[in-house]
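J.: Got a sequence here, can you build the structure:
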Amino acid sequence: MENEELQNKENNNFKEENPELDTEKQVQEEPEKKEVEEQLSPEDEIANLKDKLARAFAEMENQRRRFEKEKDEAFEYGGFSFARETLNLLDNLERSKQTLESDETIKDKNALKKLKEHLDIINKDMISIFKKNNIEPIKAINEKLDPNLHQAMMEVEDDTKDQGTIVQEIQKGFMMKDRLLRPSLVAVSKKKVEEKQNIQKNQENVEKETKN
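T.: As a prediction, this is how the structure comes out:
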């Protein structure tokens, strides 16, 4: 008995001096307990597998739909960037025409008229090619400013037009099917200051009469 008591005391003293050994034993025992607790019944395992399989099929279907959408967009709008870059050719043609028309040395000469005719032919051919590829110019002149299609660059006083009406097209805009290739750069009308003041006075007078 005395020997057993001495041995127990020594064991207790050893545990107090080396507590980490007792902790390691507990750490080793805990996973074993968890494994026993987490054991599923066959029905639960089947339900778990069915859920995982359903999730995998749903993800595959989402990926398939994304791929189909990307494929359709690539087919429909594959030349979008190329078309937008090609518009620079139209701009350069228009600038060349304006430069020639403002050149006093060749102004009103037959050579200029023939050159302008050739530039117009090239311009029409390019517009025709664009239309065959579903690229259409945006209507601008006399249209109401639409921020989705037009970009206002300046205002022009014009009492003959409703405010916000496009009176000048600085650069032609284009659509590719239902996508904006580039907006039209335009100038819009605005009322003169005197006209605005008269409108404000009329509104004030109407408000005063209504109050009275």
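J.: following the helix or strand of the chain at the bottom of the mean pLDDT ranking, which helix or strand comes up?
T.: The element with the least model confidence among the helices and strands of the chain, by mean pLDDT, DSSP states H and E, is helix 19-37, at a mean of 50. Scanning the chain past helix 19-37 towards its C-terminal end, the next helix or strand to appear is helix 42-77 (assignment: DSSP states H and E).
J.: Next secondary structure element downstream of that following helix?
T.: Using DSSP H and E, the helix or strand that follows helix 42-77 in sequence is helix 80-101.
J.: which helices and strands sit right next to the very next helix or strand once past that following helix?
T.: Per DSSP H and E, helix 80-101 leads on to helix 110-132 as the next helix or strand towards the C-terminus. Contacting helix 110-132 under the criterion 3 or more Cβ pairs under 8 Å, 6 or more residues apart in numbering; DSSP states H and E are the following elements: helix 80-101. C-betas here are computed from N, CA, C, even on glycine.
J.: buried residues in the helix it packs on?
T.: Residues of helix 80-101 classed as buried: Phe80, Ala83, Thr86, Leu87, Leu90, Lys97 (neighbour count, 16 or more other Cβ atoms under 10 Å).
J.: now do stretch 131-149
T.: For stretch 131-149, a neighbour-count test (16+ other Cβ under 10 Å) marks Ile135, Pro137, Ile138, Ala140, Glu143, Leu145, Leu149 as buried.
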